[in-house]
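Participant: Quick one: sequence plus predicted model below, questions after.
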Amino acid sequence: MNSPSAIEVKNLDHLGIVAGIIDEIGLVDQINKILGQHPQSKVSAGQAVKAMILNGLGFVSGTLYMFPKYMESYACEQLVGEGVLPEYLNDDRLGRVLDQLYLKGLTGIFTLIALAAVKKYGVDLSSLHLDSSSLHLHGEYKTGLPEVAFEKIATTENETVLLEVAPQPINITYGYSRDHRPDLKQFIIELICSSDGDIPIFLKAASGNQSDTKTFAKTLVYFRENLLAQNQKIKNQLGKLTHHPTLRWIFQCFQGIHLLIINGVSQISNLSNERLSILQFFPNACRRYYLLI
């Protein structure tokens, strides 16, 4: 009598598309280069950031301490990297990476990655738009943390001590409210976007009382251009054929796709002809997560 097959089912949904975009712009390698890698780390800093982006762009996300539980239902190794198990993506590891990113300077890191996406997708930067927006918060948010400095020994003949000062946190406070909640404290987000696709090139968080001074969207442009070039259309939310579907609708179309592992052999389920037809308009970096290539 044959023994029963060992079957394992993991979700992919739309996250294969997101992972493919991350791979195309080389985000993991860039983060690893900036933050460095420890030989004993089971998850690199770049993989941790990739996992957090996948979590954030899922329709149902999980907080840091619930991250391993959230990733259990997804094809973690397929999406994040070989050998990366859900339990490795715990809040301690993710928290340390977030601290490293903060100390290195989030604005600079964001700009480096954005410019890599600009180069990859050929975004036109001849015209840019600068704007800011306020985000209100509930709570006291008592700030005023002490300044933190890290000692570094210079490798010079005199071996002098250098001090590297950690960035000061923004001030969560009252200010001009663009979302019409002047009764609540807030912080400011400053953005510089390209006129070509509204791609965010520069992002900075600022204190709530600061005076005035959107990289996945480009893939949607790539998708739409491919539809037009091949004179193809897909159905939108109303069931009507269109050349200009939204990325959120495309993501919803990919819900329910799973990675099945049967006796150690991987295959993708629920990849219908309609989904395959949509997938052909995405770059190879996205398709490989569904076609297992």
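Facilitator: Yep, that arrived.
Participant: so which strand or helix has the residue sitting nearest the centre point of the chain?
Facilitator: Using Cα atoms, centre = their mean, the residue of the chain that lies closest to the mean C-alpha position is Ile53, 3.0 Å off. Assigned by DSSP states H and E, Ile53 falls within helix 45-56.
Participant: Leu15 reaches Phe59, doesn't it?
Facilitator: No: Leu15 is beyond contact range of Phe59, at 9.9 Å (criterion: Cβ atoms under 8 Å). Using the backbone N, CA and C atoms, a C-beta is placed for each residue, glycine as well.
Participant: Compare neighbour counts for the two and give me the winner.
Facilitator: Shown here are Leu15 and Phe59; by other Cβ atoms under 10 Å, Leu15 has more neighbours (25 against 11).
Participant: residue contacts, that one?
Facilitator: In this structure, Leu15 makes contact with Leu54, Leu57, Gly58, Tyr74, Leu79, Tyr289, judged by Cβ atoms under 8 Å, 6 or more residues apart in numbering.
Participant: give me that answer again for 7 Å
Facilitator: By Cβ atoms under 7 Å, 6 or more residues apart in numbering, the residues touching Leu15 are Leu54, Gly58, Tyr74, Leu79.
Participant: low-scoring pLDDT stretches of the stretch 151-293 of the chain, where are they?
Facilitator: Screening the stretch 151-293 of the chain residue by residue with the criterion pLDDT under 70, one finds the ranges 151-166, 211-223, 226-227, 230, 232, 234, 293.
Participant: distance of Ala239 from Pro86?
Facilitator: I think there's a mix-up here, since residue 239 is Gly and not Ala. Distance of Gly239 to Pro86, given as Cβ to Cβ, to the nearest Å: 37 Å.
Participant: Compare the two (neighbour count), which wins?
Facilitator: Neighbours around Gly239 and Pro86, counted as other Cβ under 10 Å, are more numerous at Pro86. The numbers are 18 against 6.
Participant: Contacts for the lengthiest helix in the chain, please.
Facilitator: The helix spanning the most residues in the chain, taking DSSP state H as the definition, is helix 106-121. Residues from elsewhere that reach helix 106-121 (Cβ under 7 Å, 6+ apart): 24-27, 30, 34, 101, 125, 199-204, 215, 218, 222.
Participant: I'd like to know how far His38 sits from Lys185.
Facilitator: Taking Cβ to Cβ as the measure, His38 and Lys185 are separated by 37 Å.
Participant: Those two - which one has more neighbours?
Facilitator: In terms of neighbours (other Cβ under 10 Å), Lys185 is the more surrounded of His38 and Lys185; the figures are 20 against 9.
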